[in-house]
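Student: Here is my input; please provide its structure:
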Amino acid sequence: DTIVCRCEETGYGALRDAARSDAPRLDARAVRLGTRAGLGPCQARICGPTLAELLDTNPHHRPVAWPIRLGELANPPHETEHTP
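Tutor: This next block holds a predicted model:
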């Protein structure tokens, strides 16, 4: 009965049922589209972190990045050609 998404009035039970449905394993996007959670006026700014926790996703995941020297960009290593 707990409301997770206030904009779309989506409850915890609806999210749980959608995530555990008999359909093939749905991704978080499919669950959100099916329940409308996070698709209201706030665009998941309020319920997004809660949805991510409930659906086992991480909305704030960022790929690992590291610095690269300008010289490496200007002169990338040449790939060797493989000729049969």
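
Student: Give me the contacts around the host helix or strand of residue 71.
Tutor: Counting by DSSP states H and E, the element that carries residue 71 is helix 70-74. Residues from elsewhere that reach helix 70-74 (Cβ atoms under 8 Å, 6 or more residues apart in numbering): none. Every residue, glycine included, has its C-beta placed from N, CA and C.

Student: Just the pLDDT at residue 29, thanks.
Tutor: Looking at residue 29, its pLDDT reads 78.

Student: Quick one: neighbours of it, just the number.
Tutor: As a burial measure, residue 29 scores 11 neighbours (other Cβ atoms under 10 Å).

Student: Can you dump the C-alpha atoms of the host helix or strand of it in PDB for me?
Tutor: Using DSSP H and E, residue 29 falls within helix 28-35. The C-alpha coordinates for helix 28-35 follow below in PDB (Å, rounded to 0.1, in the frame of the first residue of the first chain):
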ATOM      1  CA  ALA A  28      13.900  -1.600 -14.900                       C
ATOM      2  CA  ARG A  29      12.800   0.400 -17.900                       C
ATOM      3  CA  ALA A  30      10.100  -2.100 -18.800                       C
ATOM      4  CA  VAL A  31       8.800  -2.100 -15.200                       C
ATOM      5  CA  ARG A  32       8.700   1.700 -15.100                       C
ATOM      6  CA  LEU A  33       6.800   1.800 -18.400                       C
ATOM      7  CA  GLY A  34       4.400  -0.900 -17.200                       C
ATOM      8  CA  THR A  35       3.600   0.800 -13.900                       C
END
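
Student: list the buried ones in it?
Tutor: Residues 28, 30, 31, 32, 34, 35 are the ones in helix 28-35 that count as buried (16 or more other Cβ atoms under 10 Å).

Student: All set now, cheers.
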